[in-house]
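A.B. asks: Have a look at this fold, sequence not included:
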Ligand SMILES: [Zn+2]
């Protein structure tokens, strides 16, 4: 009897040791089995989503870049040059873009005016790309680096197969690689709620908590869905926006991801994942991410993405529907 008790006690210690050990591993940025996950952090709508004053844009930019530097994140920022040109102090905003490159990040093209691909002609789209690249090409060249990535606004890549193919050809000829997205594209909705919370710090904290919980659920969802679609976890490409919410809370998002075992890599490194060789087979007007596009191509049923807390939808004043998921 005594031996059985001792054995049970021993088993209990082994179990406790296992869980404690697992927790320590997680804090080191590794999963329980010692393997590592990979993610790219990208930002859209630079210099900032809502340019109001140069001071506030600079504050958001500096705070974000400090976090990216601290966690050694080689991010890519996708720019709408129209936002710079329309401001009273375009040079001040152009200087903000330069800071991204000075901090080791890369700039990409997100069209001049953040246009809706399905609402403009192919010729207008081409003009959007050309007008959208003048400033950033210059900034990248000054640092001896090429301009190489393009991100489609609203993740709209073409509802018409001829136009989609025509635009893809144009991008390729101009030296661009389209940047896919596999995760994290609801921050703009949480940011709208965060803005509407105004100076109510308690409410702002509730929004931030809900955002962090959502990101945790979203990563779990994408990890699982990737295994269903590809048979393994893809090197995830996350899309964020340059907004106040991320300036204040991106650090917590990154810490959360590290605990899930993520290491932050460059877009160039992520694109070596063989999944991205599949390109973008989707023709349609849904703003879906790439895992969903591959699933649709292989007739794998889509799974609903995690639900945003209803209080966020209410506070943001935005009704979420499947067609306008992305900013
Ligand atoms: Zn955008």
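C.D. replies: Structure's in. What do you need? Predicted, not measured: the structure shown is a model, and the values here were computed from it.

A.B. asks: can you map out the helices along this structure?
C.D. replies: Assigned by DSSP state H, the chain shows helices spanning 2-27, 54-70, 81-85, 90-102, 122-142, 161-173, 187-196, 201-230, 244-259, 267-270, 290-297, 310-316.

A.B. asks: hmm, who's touching the fourth one?
C.D. replies: By CB atoms under 8 Å, 6 or more residues apart in numbering, the list of residues contacting helix 90-102 from outside reads 46-48, 51, 54, 57-58, 61-62, 65, 75, 77, 79, 83-84, 87, 106-107, 135-136, 139-140, 143, 145. (Each C-beta comes from the backbone N, C-alpha and C, glycine too.)

A.B. asks: before we move on, back to that, distance to the ion and mean pLDDT added to the helices of the chain, as CSV?
C.D. replies: Shown next, in CSV, are the helices of the chain (distance: least, CB to the ion, whole Å; pLDDT from 0 to 100):
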stretch, distance to the ion, mean pLDDT
helix 2-27, 33, 41
helix 54-70, 16, 97
helix 81-85, 11, 96
helix 90-102, 15, 97
helix 122-142, 12, 97
helix 161-173, 16, 97
helix 187-196, 8, 96
helix 201-230, 18, 97
helix 244-259, 14, 98
helix 267-270, 16, 98
helix 290-297, 16, 96
helix 310-316, 17, 95
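
A.B. asks: right, so the ones you listed: which one is the most enclosed?
C.D. replies: Per-stretch averages of neighbours, counted by mean count of other CB atoms under 10 Å, single out helix 187-196 among these, with a mean of 23.

A.B. asks: can you give me the angle that helix makes with helix 201-230?
C.D. replies: For helix 187-196 against helix 201-230, the angle by axes from the mean of the first three to the mean of the last three CA atoms, to 10 degrees is 170 degrees.

A.B. asks: wait, residue 318 sits on residue 189?
C.D. replies: Yes: Residue 318 lies in contact with residue 189 (CB atoms under 8 Å); the separation is 5.9 Å.

A.B. asks: re the thing from before, figure out which of the helices of the chain is closest to residue 116.
C.D. replies: The closest of the helices of the chain to residue 116 is helix 122-142. By CB to CB, the value is 10.0 Å.

A.B. asks: Tell me what angle that closest one forms with helix 90-102.
C.D. replies: Counting by the same axes, to 10 degrees, helix 122-142 points 70 degrees away from the direction of helix 90-102.

A.B. asks: helices or strands up against helix 122-142?
C.D. replies: strand 76-79, helix 81-85, helix 90-102, strand 106-109, helix 161-173 (3 or more CB pairs under 8 Å, 6 or more residues apart in numbering; DSSP states H and E).
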